[in-house]
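Trainee: Here you go, sequence then predicted model.
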Amino acid sequence: MNQIVIPAQVKHVASVIAAHGGTPHYVGGAVRDTVIGRVPHDYDIASSLSPQTVQSLFANVIPTGAQHGTVTVINDGMSIEVTTFRSEQGHTDCRHPDNVSFIGSIVDDLARRDFTMNAVAIDATSGAIVDPHGGMQDALDCIVRTVGEPRLRFAEDGLRVMRAVRFAAQLGFSIDASTLAAIGPKPLTGVSTERIRDELLKVLSSADPASGIALLCTTGIMKYLIGDSLTLSFVSAAPSLASIDIPMRLAAAACRGNIGSDVGVELKRLLKVDSRDAQLCSNAARAIVMLREDRSLRGVRAALSAFGRDAVVIAALLEHDSITVSASRAEPIITARTLPFNGDDIMHMTGVTGSAVGAIIRKAVSAAIREPFLLADSDRLLALTQT
């Protein structure tokens, strides 16, 4: 195993807990990432101390889930999640345990965790590795496997089926056969739309979004989430997603193909995506239609003016047109704001008022889209709007 590098802030928290008999262990993603040679970003500690005791030991503590044993210690600007060793019983809401029992054993605590690669602990005092479920070997073998019987583990928190897919896509892992056989839409029935959406976005933001989408499709999850037509769009777009900036991937996946201009509205209804993402999805879908009608530079500028650069870049990439992709990234965005005059100027220079001012602005934008050099010649541009 690679040497785990623990930041000073985390070591300090562990040392205070150890000084009070808390037998602290490093757990979670930091241990897993160290095993597979990734740089850890989040550090979690499990200990035998109660949440209340941990809160009493530090000046800045947020009781993020104290009733379930978890608090967040803020030390020198760094957030460290500290959780009491615990066992869990019942998960009626498919997320939180109905009952939590605080216990004194790290081994018993690891038994409640989702996947074996996340069920490895390192004693913060001695450095001893605690690995009762073979998680280190699974991590080294690049396998996602549940701790214990998969269907029972997914029944505890249905979102774990999405997390399994996300870990596979993020880490380049395969999913153990028995674990994969238990993955499907049924466990998601009681999970909130927002939690599902956030996991889907993490899949799309992974190093290999196409493999994640493929897994969601083969397990029936994608159809459950967004229906047949949008699923086809995600599948069609998947090969192109890795070449698109992460914030744009949802729009790219959703708008591929002839699914209409209301794709953003659909995603907002089905997954509760925010308004900005929904608008980008709709704009990209409309940009695809516009570019199919006209891929000239004028057509690209018209699409940029109507829908913005991100939407047009997405559309061009999904149309597999490298020339249009380059143009969509290089051509100017011409709108009323980029004209060399505004409404007041038009009224002053022409004497027109009311809706006629808007008509002149629209004509000027259209003329500048055809010939961008006109933006440097306000008199000629304005004259063209009078014909």
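Mentor: Right, received. Where do you want to start?
Trainee: Partner strands of the helix or strand harbouring residue 46, with direction?
Mentor: For residue 46, the enclosing helix or strand under DSSP states H and E is strand 44-47. Sheet pairing here is set by DSSP bridges, and for strand 44-47 it gives strand 25-27 (antiparallel), strand 78-84 (parallel).
Trainee: Need the winner for burial among those strands.
Mentor: Most buried of those, by mean neighbour count (mean count of other CB atoms under 10 Å): strand 25-27, with a mean of 25. Every residue, glycine included, has its C-beta placed from N, CA and C.
Trainee: from the chain's centre, how far out does the strand holding residue 46 sit?
Mentor: 26 Å (CA atoms, centre = their mean, to the nearest Å).
Trainee: Just the helices from the stretch 251-387 of the chain, written as ranges.
Mentor: With helices called from DSSP state H, counting those that start in this stretch, the stretch 251-387 of the chain shows them at 263-271, 275-293, 297-307, 309-318, 322-330, 343-350, 355-370, 378-384.
Trainee: of all those, which gets the most neighbours per residue?
Mentor: helix 309-318 (a mean of 25).
Trainee: Give me the angle between that helix and helix 275-293.
Mentor: Following axes from the mean of the first three to the mean of the last three CA atoms, to 10 degrees, one obtains 50 degrees for the angle between helix 309-318 and helix 275-293.
Trainee: who's in contact with helix 309-318?
Mentor: Helix 309-318 is contacted by residues 237, 240, 243-244, 248, 251-252, 255-256, 280, 283-284, 286-288, 290-291, 300, 303-304, 324-325, 327-329, 333 when judged by CB atoms under 8 Å, 6 or more residues apart in numbering.
Trainee: Residue for residue, what is the longest helix the protein has?
Mentor: Longest helix in the chain by number of residues (criterion: DSSP state H): helix 221-241.
Trainee: Can you give me the domain assignment for the protein?
Mentor: 1-134, 142-242, 245-330, 337-384 (automatic domain parsing).
Trainee: Need those domains in JSON lines (columns: mean pLDDT).
Mentor: Listed next are those as JSON lines, based on pLDDT from 0 to 100:
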{"stretch": "domain 1-134", "mean pLDDT": "91"}
{"stretch": "domain 142-242", "mean pLDDT": "95"}
{"stretch": "domain 245-330", "mean pLDDT": "90"}
{"stretch": "domain 337-384", "mean pLDDT": "94"}
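Trainee: circling back: what's downstream of the strand holding residue 46, the next helix or strand?
Mentor: helix 51-57.
Trainee: Tell me how far that following helix lies from the chain's centre.
Mentor: Per CA atoms, centre = their mean, the centroid offset for helix 51-57 relative to its chain is 33 Å.
Trainee: Show me what counts as buried in that helix.
Mentor: 51, 53, 54, 55, 57 (16 or more other CB atoms under 10 Å).
Trainee: List the buried residues in the next helix or strand after that helix.
Mentor: With elements assigned by DSSP H and E, the helix or strand that comes after helix 51-57 is strand 61-65. Within strand 61-65, the residues scored as buried using 16+ other CB under 10 Å are residue 61.
Trainee: What pairs with strand 61-65, parallel or antiparallel?
Mentor: Strand 61-65 has these strand partners (DSSP bridges): strand 70-75 (antiparallel).
Trainee: Pretty sure residue 292 sits against residue 303.
Mentor: No - if you go by CB atoms under 8 Å, residue 292 and residue 303 don't touch, sitting 10.5 Å apart.
Trainee: show me what contacts residue 128?
Mentor: residue 122.
Trainee: Now with 7 Å, please.
Mentor: By CB atoms under 7 Å, 6 or more residues apart in numbering, the contact set of residue 128 is empty.
Trainee: for residue 300, same thing?
Mentor: 312, 324, 327, 328, 331.
Trainee: Which members of these define the maximum pairwise distance?
Mentor: Within the contacts of residue 300, two members stand farthest from each other by CB to CB: 324 and 331, at 10.0 Å.
Trainee: I'd like to know how many residues surround the closest residue to residue 142 other than its chain neighbours.
Mentor: Distances taken as CB to CB, 6 or more residues apart in numbering put residue 173 closest to residue 142, at 4.5 Å, once the chain neighbours are dropped. For residue 173, the number of neighbouring residues by other CB atoms under 10 Å comes to 21.
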